[in-house]
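Trainee: Sequence unavailable; structure follows:
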């Protein structure tokens, strides 16, 4: 406790010096002279416009433009630092600050899966728009597909779970004050997947760090997601007869589109109102003589288990949401290997049971639940009722998820949103939290959906205080021009009946009939 107090006083003193006595913008190199109470600045370099070359190809969160995002980057001050809030910590961070025309704002960038690298490409895109940006590897280096970094090092799991993102945010604000001679006007978080969970975690544990948070496809609660991912793989792997090759998954997907496409009033290959269509894969179960575009009885049973989600076999209680119909194209990533998704199997093998020989087939979805949650829930999970302070402080939370996501179930985000807002007054909920479900979109985008600029949406919301009543998704530059509105859940976009279906102006947001009972 004493070490934490000393660290807090030291950081506060540094920040106070900058905030109370504004100075002209310093040189980038001079920032390196700052002394950090729990780490060190390893480099401070002015990078010329378009001249940054990412180490290792840019990290796992490469943006749509690929390496072109680095060519579009303006000149910037690049600060790299290593933070050590505990003896086991080794948190790498980078803060990028525009050399000119800074818009006065900071954007925090998250990670994918188990992290292990800095997302350089995700840093570059907001930078090109005038934002200062910050990212971290969360305290370890690796592929992100396993949790071996935390075996025997509980503090490293804490760094990954929440501490690294908070520490990087505090230091980024200190560096901004040193470089620009003034503090940021506002701070925003924009990220997806693990980054989406990190955004929720910031709102939960450190509600003063960010004014606005965009959380897309959040991997939360993470322990539940690990159990759900294990269940999804096991559904097809516990018996060879239940295996679902990609062609079988695609047959189910086509059947889903054929049945559910028109539920939103427009037959266009995109299911705009998935919750009103009760799809069952039994409709394509093979009959005698069938060979193609059909599923055997065991395969139908496996897909039903995937849709239903992880359940306690003794009590029937839902453990984690299932993948909704429409997600089949991506779900194959969880069902096509020798084992379930390695991100999940590593959690159990390395963190829960600490047994290199652990067999996923031995997992008991009743008896092993307590150990699974005890191993990491207090570090990795955000409760749906835990964001009260963030909201009371005036924070804005923009949630989104693609209905066709095959790595994190979209229905889980819907349930989190419903649970979070259930006890809130309607006006307060609509003012502070919005959920936008994206028809046809896969994990963190892609699929049949267009591109959305969530940074601009959350920035404008925080600046004006007016919650978004629609978000426009647009096709990428290399595709046929098309735009569609995304509507705040539970509304859906409905075609007005005239005009081009490629123009968002010809759609309106209307209430949906809701989930099929």
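Mentor: Sure thing, it's come through. Owing to the predicted nature of the structure, the values given are computational and were not obtained by experimental measurement.

Trainee: Residue 507 touches residue 482, doesn't it?
Mentor: No: when contacts are counted by C-beta atoms under 8 Å, residue 507 is not listed as touching residue 482 (11.5 Å). C-beta here means a position set from N, CA and C on the backbone, and glycine is covered the same way.

Trainee: Pick out whichever of the two has more residues nearby.
Mentor: residue 507 (23 against 15; other C-beta atoms under 10 Å).

Trainee: Tell me who's in contact with that one.
Mentor: Neighbouring residues of residue 507 by C-beta atoms under 8 Å, 6 or more residues apart in numbering: 484, 485, 493, 494, 495, 496.

Trainee: Output those as JSON lines; include the columns neighbour count, pLDDT and distance to residue 139.
Mentor: Output for the contacts of residue 507, formatted as JSON lines (neighbours: other C-beta atoms under 10 Å; pLDDT from 0 to 100; distance: C-beta to C-beta, whole Å):
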{"residue": "484", "neighbour count": "28", "pLDDT": "93", "distance to residue 139": "39"}
{"residue": "485", "neighbour count": "20", "pLDDT": "95", "distance to residue 139": "40"}
{"residue": "493", "neighbour count": "23", "pLDDT": "95", "distance to residue 139": "41"}
{"residue": "494", "neighbour count": "19", "pLDDT": "95", "distance to residue 139": "46"}
{"residue": "495", "neighbour count": "17", "pLDDT": "94", "distance to residue 139": "48"}
{"residue": "496", "neighbour count": "11", "pLDDT": "94", "distance to residue 139": "51"}
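
Trainee: Just the ones of those residues in strands?
Mentor: 484, 485, 493, 494, 495 (DSSP state E).

Trainee: Tell me the one of the residues you listed nearest residue 176?
Mentor: residue 485 (35.1 Å; C-beta to C-beta).

Trainee: ok, what's across the strand from the closest one?
Mentor: Beta-bridge pairing for residue 485 (DSSP bridges): residue 472.

Trainee: What segments of the stretch 101-250 of the chain are strands?
Mentor: Assigned by DSSP state E, counting those that start in this stretch, the stretch 101-250 of the chain shows strands spanning 105-108, 132-136, 186-192, 212-216.

Trainee: For the shortest one, name the packing helices and strands.
Mentor: Judged by 3 or more C-beta pairs under 8 Å, 6 or more residues apart in numbering; DSSP states H and E, strand 105-108 is in contact with strand 132-136, helix 164-180, strand 186-192.

Trainee: Adjacent strands (with direction) for the shortest one?
Mentor: Counting by DSSP bridges, the strands paired with strand 132-136 are strand 91-98 (antiparallel), strand 105-108 (parallel).

Trainee: That one versus strand 186-192: what angle between them?
Mentor: Interaxial angle, strand 132-136 versus strand 186-192 (axes from the mean of the first three to the mean of the last three C-alpha atoms, to 10 degrees): 50 degrees.

Trainee: Other residues contacting strand 132-136?
Mentor: Against strand 132-136 from outside (C-beta under 8 Å, 6+ apart): 91-98, 102, 105-111, 115, 118-120, 122-124, 126-127, 164-165, 167-169, 171-172, 176, 184.

Trainee: are any of these buried, and which?
Mentor: Among these, those that count as buried by neighbour count (16 or more other C-beta atoms under 10 Å) are 91-98, 102, 105-111, 115, 118-120, 122-124, 126-127, 164-165, 167-169, 171-172, 176, 184.

Trainee: any weak-confidence spans in the stretch 151-300 of the chain?
Mentor: Judged by pLDDT under 70, the stretch 151-300 of the chain has no weakly predicted residues.

Trainee: Likewise for the stretch 1-150 of the chain?
Mentor: Low-confidence segments of the stretch 1-150 of the chain (pLDDT under 70): 1-24, 57-66.

Trainee: In CSV: the ones in strands among the contacts of residue 507, plus distance to residue 355.
Mentor: Output for the ones in strands among the contacts of residue 507, formatted as CSV (distance: C-beta to C-beta, whole Å):
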residue, distance to residue 355
484, 48
485, 50
493, 49
494, 52
495, 54
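
Trainee: between those residues, which is nearest residue 442?
Mentor: Distances from residue 442 to the ones in strands among the contacts of residue 507, taken by C-beta to C-beta, are shortest for residue 484, at 15.7 Å.

Trainee: Now do the contacts for the closest one.
Mentor: Applying C-beta under 8 Å, 6+ apart, we find residue 484 in contact with 439, 449, 450, 472, 473, 493, 504, 507.

Trainee: Surely the third one touches residue 480?
Mentor: No: with the criterion set as C-beta under 8 Å, residue 450 and residue 480 do not qualify as a contacting pair; they are 10.7 Å apart.

Trainee: These two: which is more packed in?
Mentor: Shown here are residue 450 and residue 480; by other C-beta under 10 Å, residue 450 has more neighbours (21 against 7).

Trainee: Compute the number of surrounding residues for residue 413.
Mentor: Other residues close to residue 413 by other C-beta under 10 Å number 25.

Trainee: list the contacts for it?
Mentor: By C-beta under 8 Å, 6+ apart, the neighbours of residue 413 are 217, 218, 399, 401, 435.

Trainee: and what of residue 488?
Mentor: Contacts of residue 488 (C-beta under 8 Å, 6+ apart): 430, 434, 435, 436, 467, 468, 469, 470, 509.

Trainee: Quick check: phi and psi at it.
Mentor: Note on residue 488: its backbone torsions stand at phi -70, psi 130 [degrees, to the nearest 10].

Trainee: how far away is it from residue 196?
Mentor: 17 Å (C-beta to C-beta, to the nearest Å).
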